[in-house]
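S.K.: sequence first, predicted coordinates after that:
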Amino acid sequence: MDSLSEAVLSGASADELLSAPVPSEYEAAHLRVTDVEMFAGETDKDVRRSLRVGPVAMPELAPDEVLVAVMASSINYNTVWSAMFEPLPTFEFLARLGRKGGFDKRHDQPYHVVGSDAAGVVVRTGTGVRRWKAGDHVVMSCVSSDAEEPATHADGMLGAGQRIWGYETNFGALAHYAVVRATQLLPKPAHLTWEEAASITLCAGTSYRMLVGEHGARIKQGDVVLIWGAAGGLGAFAVQLVRNAGGIAVGVVSSPEKAALVRELGCDVVIDRSEIGLGDATTAVEAGKRLGRVIRREVGEDPHVAFDYIGRATFGISVFVVRRGGTVVTCGSSTGYQHEFDNRYLWMNLKRIIGSHVANLQEKTECNRLFALGKLVPALSSVYPLAEVGDAARLVQQNRHTGKVGVLCMAPKEGLGVTDPETRERIGERHLNPLRPVL
């Protein structure tokens, strides 16, 4: 182990961290450009084959960047897409970024360090960084935006230079070290462990923007919200946000086991998707009628909002099933990007579709505050060591997970990183880990 890693793990002071040399290479989960065609002609693109763990070179730090010792990370679906080389290899993103020159050229490598969620310790800051210093405990937003671009100042997600760290950029989260822009950092909620904190930022922030923020559905008290995939990472936070807002959460899940866990999160109504007939040779309208009958049976009215990141398999149903004047908000398409829906039910019933992508720094900050206050809790269900990151990603690839799947990076074991035990005790272990047995 390098001396900087030893200093981090020993809880060294800022001066001690700064005196320890930065290693020339570090351990990271990465993809290789030579593997891009490895799944050609195959049906099961098993990400355990493409995700490799081993040493990569330490990049130079740009003036607006921070080097973070990653204590823990987690799996997001963009890592699954990356490891399947779909819908296109991420090396194309890195090459495009590299052509910009300057510090961006570093990203164009024959390897791609992936991962877009992390919690850790700041160990170095670039010469232009003012708000962060060595020793700070942080969580990292996946949104890398260009602060010199005018549109960024209206909404950080609107800038053409906005990229998703660890997916459209290199040097991502599933590693012992990560390079991020200073504008990606947020203070770590002090009562959470490393692995809990590493599981919250991307999915919770995305759900916040979709449902609560001014750029999303802006739910209010009493709103009925249909949540597809309510047991997934996005869905588990959506359930909590709807509950906190005084709404009525209607979750759709794929098994009785997931139904029980979603009820633990506070979901008002839970529907097994087999009740809807998803996968049957029926149209979205027919499936939507079945779903609508179930929702009206349970809550007496149609949903105001459909929270949809599933995509092709559900989007037409979402458009049909929301009430007149209702809203479908989407941030992804895990079952496919090409959506079909009957447009009559959209225009004639004055419905809206809102496209939403992650969250800007202010939205992330507001969401992070809810965790710090204990109003939101992690949705962590299992934790893997970095050496087994392929197994963790495979779990998500096959939809055998609930909530978030964590990955320990530099942290040697679970349960570390808590600096506010009083708040943790007040909130309670069981409440903080609703999807896990009490550790």
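M.R.: Arrived safely, thanks for sending.

S.K.: from here on, contacts and neighbour counts on C-alpha atoms
M.R.: Noted.

S.K.: list the contacts for the residue nearest to residue 316 when sequence neighbours are not counted?
M.R.: Ranked by CA to CA, 6 or more residues apart in numbering and with sequence neighbours excluded, the top spatial neighbour of residue 316 is residue 341, at 4.2 Å. Going by CA atoms under 8 Å, 6 or more residues apart in numbering, residue 341 touches 284, 315-317, 319-320.

S.K.: for residue 341, pull up the helix or strand it's in.
M.R.: Residue 341 belongs to no helix or strand when assigned by DSSP states H and E.

S.K.: now it: how far from residue 347?
M.R.: Separation of residue 341 from residue 347 (CA to CA, to the nearest Å): 12 Å.

S.K.: what's the next secondary structure element after the longest strand seen in the chain?
M.R.: For the chain, the strand with the greatest residue count under DSSP state E is strand 65-74. Of the helices and strands lying after strand 65-74 in sequence (DSSP H and E), the nearest is helix 77-84.

S.K.: put the alpha carbons of that next one into CSV.
M.R.: Only the C-alpha atoms of helix 77-84 are listed here, as CSV (Å, rounded to 0.1, in the frame of the first residue of the first chain):
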residue,chain,number,x,y,z
TYR,A,77,-26.7,1.4,-14.6
ASN,A,78,-24.4,3.6,-16.6
THR,A,79,-21.6,1.3,-15.5
VAL,A,80,-23.6,-1.7,-16.8
TRP,A,81,-24.0,0.0,-20.2
SER,A,82,-20.3,0.9,-20.2
ALA,A,83,-19.3,-2.7,-19.5
MET,A,84,-21.6,-4.0,-22.2
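
S.K.: I'd like the next helix or strand past that helix.
M.R.: helix 91-98.

S.K.: identify the residues contacting that following helix?
M.R.: By CA under 8 Å, 6+ apart, the surrounding residues in contact with helix 91-98 are 33, 104-110, 112, 168-170.

S.K.: you'd agree residue 177 is up against residue 68?
M.R.: Yes. Contact criterion CA atoms under 8 Å: residue 177 and residue 68 qualify, at 5.6 Å.

S.K.: for residue 316, give its distance to residue 339.
M.R.: Distance, residue 316 to residue 339, using CA to CA: 7 Å.

S.K.: between the two, which one's more packed in?
M.R.: Per other CA atoms under 10 Å, whichever of residue 316 and residue 339 has more neighbours is residue 316, with 21 against 13.

S.K.: before we move on, the earlier item: just the ones in helices from the contacts of residue 341, please.
M.R.: 284, 315-317, 319-320 (DSSP state H).

S.K.: lowest-confidence member of the residues you listed, which is it?
M.R.: On pLDDT alone, residue 284 ranks lowest of these, at 91.

S.K.: contacts only, for it.
M.R.: Contacts of residue 284 by CA under 8 Å, 6+ apart are 314, 316-317, 320, 341.

S.K.: just the element for the residue lying closest to residue 323 once chain neighbours are set aside, please.
M.R.: In space, and not counting its chain neighbours, residue 323 is closest to residue 302: 5.3 Å by CA to CA, 6+ apart. Element membership of residue 302, judged by DSSP H and E, is empty: it is in no helix or strand.
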